[in-house]
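Peer 1: fold the stuff below for me.
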Amino acid sequence: MSADYQVHGDVAVITLNNPPVNGLGMATRRGIVAGLEKAQADDKVRAIVITGAGGAFSGGADITEFGTDKALAEPNLHSVISAVEQSPKPVVAAIHSVCMGGGLELALACHYRVAAPGCNVALPEVKLGLLPGAGGTQRLPRVLGVEAALNMIVSGEPVKSEFIASVPGQKLFDKLVDSPEGLAEGALSFARGVADVRPLPLVRDLPCKHPNAEAYFQFARNMVRGMAKSFPAPLKCVDAVEAAVKNRKFDDGLKAERELFLQLMWTPESRALRHLFFAERAASKIPDVPADTRKREIKKVAVIGAGTMGGGIAMNFLNAGIPVVMLEMKQEALDRGVGVMRKNYEAQVAKKKLKQDKYEQRMGLLSTTLSYDDLKDADLVIEAVFEDMGVKEQVFTKLDEVMKPGAILASNTSTLDVNKIASFTKRPQDVVGLHFFSPANVMKLLEVVRGDATAKDVLATVMAVAKKIKKVAVVSGVCDGFIGNRMIEQYGRQAGFLLDEGCTPQQVDKAIEKFGFAMGPFRMGDLAGNDIGWAIRKRRAVEKPGMKYSKTADLLCEMGRFGQKVGKGWYDYVPGKRDAIPNAEVEKMVADHRQSLGVTPRKISDEEIVQRLVYALVNEAAHILEEGIANKASDIDVVYIFGYGFPVHRGGPLNYANEVGLFNVQQAMKRFAQNPRDDAEFWQPAPLLQRLVTEGKQF
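Peer 2: You can find the predicted model right below:
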């Protein structure tokens, strides 16, 4: 049983004990019911307290049981809530630390609630594409009022217990104790004080009214529709709370909530969000690196290069309270870099996202230098210099000389061979790739590139550091472009072929943005800098002369149109604005190039644009999995959601391919292979994809 039972005089205490957050899994649910039965049978017990062990009251349903028989196995959460409500002896919830989802729904079924300050209270189901399914949408409006409850349910964001307790007229908490330490004693004495009160108060018996319900729910729907975009759950939350107001019988409202919950449970959007929830947590697990691997201490970090990337990387560590020493070759480069960092922080202060003293504290942790000797006591050094193997060689040879034994040497390379970089040192076991995404102080993804010699404790350490600086880290093996950029190259090639065949840049961008991408390939190229892709293609021409590209991107660069940084790329840009304005010269260049190839432009549907771009990602991802560059399919989805703006509601390229059906993906690839203007060899489905289709399996 994942619940402990103890009697303190005349009060029974049932303590949920299912670390880390006392999730309401099957064993915990059974433990609660068994405890209730024991307490009812004991004549000495006059009242019952339910609380949680460790750092939570309860974080809610056990998500690992979602969609399995265990979630519905009796006693399910509804049955537990019913048993609590029907207890002939008063049940008091003693709430602390975390009270979320099913945990809050359980507390709302109790006759009384005593809370400690500092507790995070939430119904976060909407973040998994669901709504509270155990009475949360029916009970919370009765204790907090319709509007406050709906705001909590639609946002899914936590609210502090002391804030709730201060709201006039709230009935969620009967008592707020002075401190977390005083909760146990406070709950026991409260329970004794109400032991003989009858009838027992029930949240379900409270009224649920709004003075202007019709107009309010109409307004709420309009607001939520604007925010929810592709997600059905927020609007269904409005429907469920409206059912609480409209149904005269509480049980009819519960029934409406249940139906809405089940509708959402099987939507592709909820499946995608639940997939990502697990994928993000699974990304930190590396098959051959045990969880208890000893980590190296990281007390000080060095960053080489004070450019956009170096400055952004440094800010991550300063934000986490880790001192940083930053190296440049020239004083003016250092001054410029530090100036940009200050500007970034000052913008946050101006927007009230950062307090002035915090800003000063962070900048106080930064020191700068022009000498490698000043890096020698750093535990981790990250190089963010020009993407050229010769430059990397100079840097790593120097680091090998000056860094102390056991220091981790990391490269922020986005495409270069980490094994080659490690070979410039006498300590390849200490070398790892840490590929931050730009802007590095904003983007959540971190690709951790594992070299052939990278030590396990180095991997364990950098994964822990990533968590500390609030990054989502995914491990990649060594190959050109690692996971993300290797796939995006195929996506970009398809975008180019589409121009050759009859599309305009904005037609391609609009189609993929309608699918849900944050921005299309051409706007993305302008943002990243078209000269970067140009440099990669020049390198490819030497290394892989047979690789086919549309020439339009090179012609664009020859026109000096490198993107936003120069105010013109595939589109024109006005200073200070990000709006992409179509350019007639670019469209003429594309049309002239098409003519030079002897191509008659054809009308291309949005569906074909999306399929070619997305399935190009899928096929390359299947090769990456086959080669063991990525540990698992879900890692690739995490890379694309957090690093490349893939639509969250589709759960990443491989989750999306599973939803469409791998057989259908394979059939489309065979069709694209017939297109003479495309790359037939690329569209041969990867062996792994073939195998999965044959076996009727998924990624």
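
Peer 1: show residues contacting the strand or helix carrying residue 539.
Peer 2: Element membership of residue 539 [criterion: DSSP states H and E] is helix 530-543. Applying Cβ atoms under 8 Å, 6 or more residues apart in numbering, the contact partners of helix 530-543 are 387, 415, 489, 492, 525, 547, 549, 553-554, 556-557, 561-563, 569-570. For every residue, glycine as well, the C-beta is placed using N, CA and C.

Peer 1: tell me where the stretch 351-500 of the chain has strands.
Peer 2: For the stretch 351-500 of the chain, applying DSSP state E, counting those that start in this stretch gives strands covering 366-369, 380-383, 408-411, 431-436, 445-449, 472-476.

Peer 1: okay, the least confident helix or strand in the chain by mean pLDDT in CSV with CA atoms only?
Peer 2: Using mean pLDDT, DSSP states H and E, helix 69-72 stands out as the lowest-scoring helix or strand of the chain, at a mean of 82. Extracted in CSV, the C-alpha atoms of helix 69-72 (Å, rounded to 0.1, in the frame of the first residue of the first chain):
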residue,chain,number,x,y,z
ASP,A,69,-6.4,-0.6,-17.3
LYS,A,70,-4.8,0.6,-14.0
ALA,A,71,-6.2,4.1,-14.3
LEU,A,72,-9.8,2.6,-14.3
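
Peer 1: could you check how far it is from the centre of its chain?
Peer 2: 26 Å (Cα atoms, centre = their mean, to the nearest Å).

Peer 1: just checking, what packs against that helix?
Peer 2: Secondary-structure packing of helix 69-72 (3 or more Cβ pairs under 8 Å, 6 or more residues apart in numbering; DSSP states H and E): no helix or strand packs against it.

Peer 1: what's the following helix or strand after it?
Peer 2: In the C-terminal direction, the helix or strand that comes right after helix 69-72 (DSSP H and E) is helix 77-85.

Peer 1: packing partners of the helix or strand that comes right after that following helix?
Peer 2: Using DSSP H and E, the helix or strand that follows helix 77-85 in sequence is strand 91-95. The contact analysis (3+ Cβ pairs under 8 Å, 6+ apart) places strand 91-95 against strand 47-52, helix 102-109, strand 112-115, helix 183-194.

Peer 1: tell me the mean pLDDT over the first one?
Peer 2: The one in question is strand 47-52. Strand 47-52 shows a mean pLDDT of 98.

Peer 1: one more: the second one?
Peer 2: If you average the pLDDT over helix 102-109, you get 98.

Peer 1: circling back: can you put the strands of the stretch 351-500 of the chain in a markdown table and add mean neighbour count and distance to residue 610?
Peer 2: Output for the strands of the stretch 351-500 of the chain, formatted as a markdown table (neighbours: other Cβ atoms under 10 Å; distance: least, Cβ to Cβ, whole Å):
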| stretch | mean neighbour count | distance to residue 610 |
| --- | --- | --- |
| strand 366-369 | 16 | 44 |
| strand 380-383 | 26 | 37 |
| strand 408-411 | 27 | 35 |
| strand 431-436 | 25 | 27 |
| strand 445-449 | 26 | 23 |
| strand 472-476 | 25 | 25 |
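
Peer 1: okay, the ones you listed in JSON lines with mean pLDDT and distance to residue 65 next?
Peer 2: Shown next, in JSON lines, are the strands of the stretch 351-500 of the chain (pLDDT from 0 to 100; distance: least, Cβ to Cβ, whole Å):
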{"stretch": "strand 366-369", "mean pLDDT": "97", "distance to residue 65": "46"}
{"stretch": "strand 380-383", "mean pLDDT": "98", "distance to residue 65": "39"}
{"stretch": "strand 408-411", "mean pLDDT": "98", "distance to residue 65": "39"}
{"stretch": "strand 431-436", "mean pLDDT": "98", "distance to residue 65": "35"}
{"stretch": "strand 445-449", "mean pLDDT": "97", "distance to residue 65": "29"}
{"stretch": "strand 472-476", "mean pLDDT": "97", "distance to residue 65": "24"}
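
Peer 1: between the ones you listed, which gets nearest to residue 596?
Peer 2: Of all those, it is strand 431-436 that lies closest to residue 596, at 37.5 Å by Cβ to Cβ.

Peer 1: can you tell me what sits against the closest one?
Peer 2: Contact with strand 431-436 is made by 309, 312-313, 316, 382, 384, 396, 408-414, 418, 421-422, 425, 443, 446-451, 453-454, 458-459, 462, 471, 476, 478, 482, 484, as judged by Cβ under 8 Å, 6+ apart.

Peer 1: dump the helices and strands packed on strand 91-95 to TSV, plus mean neighbour count.
Peer 2: Output for those, formatted as TSV (neighbours: other Cβ atoms under 10 Å):
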stretch	mean neighbour count
strand 47-52	26
helix 102-109	28
strand 112-115	26
helix 183-194	19
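
Peer 1: to residue 169, which of those lies closest?
Peer 2: Of all the helices and strands packed on strand 91-95, strand 112-115 sits nearest to residue 169, with 15.4 Å by Cβ to Cβ.

Peer 1: helices or strands up against the helix or strand just after the closest one?
Peer 2: Using DSSP H and E, the helix or strand that follows strand 112-115 in sequence is strand 120-122. Packing partners of strand 120-122 (3+ Cβ pairs under 8 Å, 6+ apart): strand 98-100, strand 159-160, helix 161-165.

Peer 1: buried deepest among those, which one?
Peer 2: A comparison of the helices and strands packed on strand 120-122 by mean neighbour count, using mean count of other Cβ atoms under 10 Å, puts strand 98-100 on top with a mean of 26.

Peer 1: show me what it is in contact with.
Peer 2: So strand 98-100 is contacted by 21, 55-60, 107, 115, 119-124, 158, 161 (Cβ under 8 Å, 6+ apart).

Peer 1: among those, name the buried ones.
Peer 2: Among those, those classed as buried by 16 or more other Cβ atoms under 10 Å are 21, 56-60, 107, 115, 119-124, 158, 161.

Peer 1: just flag the most distant two among those.
Peer 2: Spatially, the most separated pair among the buried ones among the contacts of strand 98-100 is 115 and 124, at 18.0 Å (Cβ to Cβ).

Peer 1: next, the distance between the ends of stretch 576-589.
Peer 2: This stretch, stretch 576-589, spans 27 Å end to end (Cα to Cα, to the nearest Å).

Peer 1: quick one: residues contacting the closest residue to residue 684 other than its chain neighbours.
Peer 2: Closest residue to residue 684 apart from its sequence neighbours, by Cβ to Cβ, 6 or more residues apart in numbering: residue 673 at 6.8 Å. With contact set as Cβ under 8 Å, 6+ apart, residue 673 has these partners: 680, 683, 684.

Peer 1: follow-up on the earlier one: of all the helices and strands packed on strand 91-95, which one is nearest residue 582?
Peer 2: Going by Cβ to Cβ, the one of those nearest residue 582 is helix 102-109, 50.2 Å.

Peer 1: packing partners for the closest one?
Peer 2: With contacts taken as 3+ Cβ pairs under 8 Å, 6+ apart, helix 102-109 sits against strand 47-52, helix 77-85, strand 91-95, helix 136-144.

Peer 1: ok, residue 387 - how many residues close by?
Peer 2: 17 (other Cβ atoms under 10 Å).

Peer 1: how about the one 4 residues further on?
Peer 2: Burial of residue 391 is recorded as 13 neighbouring residues (other Cβ under 10 Å).

Peer 1: go ahead and confirm it touches residue 385.
Peer 2: Yes: between residue 391 and residue 385 there is a contact at 5.4 Å, judged by Cβ atoms under 8 Å.

Peer 1: between the helices and strands packed on strand 120-122, which one is nearest to residue 370?
Peer 2: With Cβ to Cβ as the criterion, residue 370 lies closest to strand 159-160 of the helices and strands packed on strand 120-122, at 47.0 Å.

Peer 1: and the closest one, how far out from the chain middle?
Peer 2: Relative to its parent chain, strand 159-160 has a centroid offset of 22 Å by Cα atoms, centre = their mean.

Peer 1: and what of stretch 466-481?
Peer 2: The answer for stretch 466-481 is 14 Å, by Cα atoms, centre = their mean.

Peer 1: straight-line length of that stretch, end to end?
Peer 2: For stretch 466-481, the first-to-last residue distance is 20 Å (Cα to Cα).
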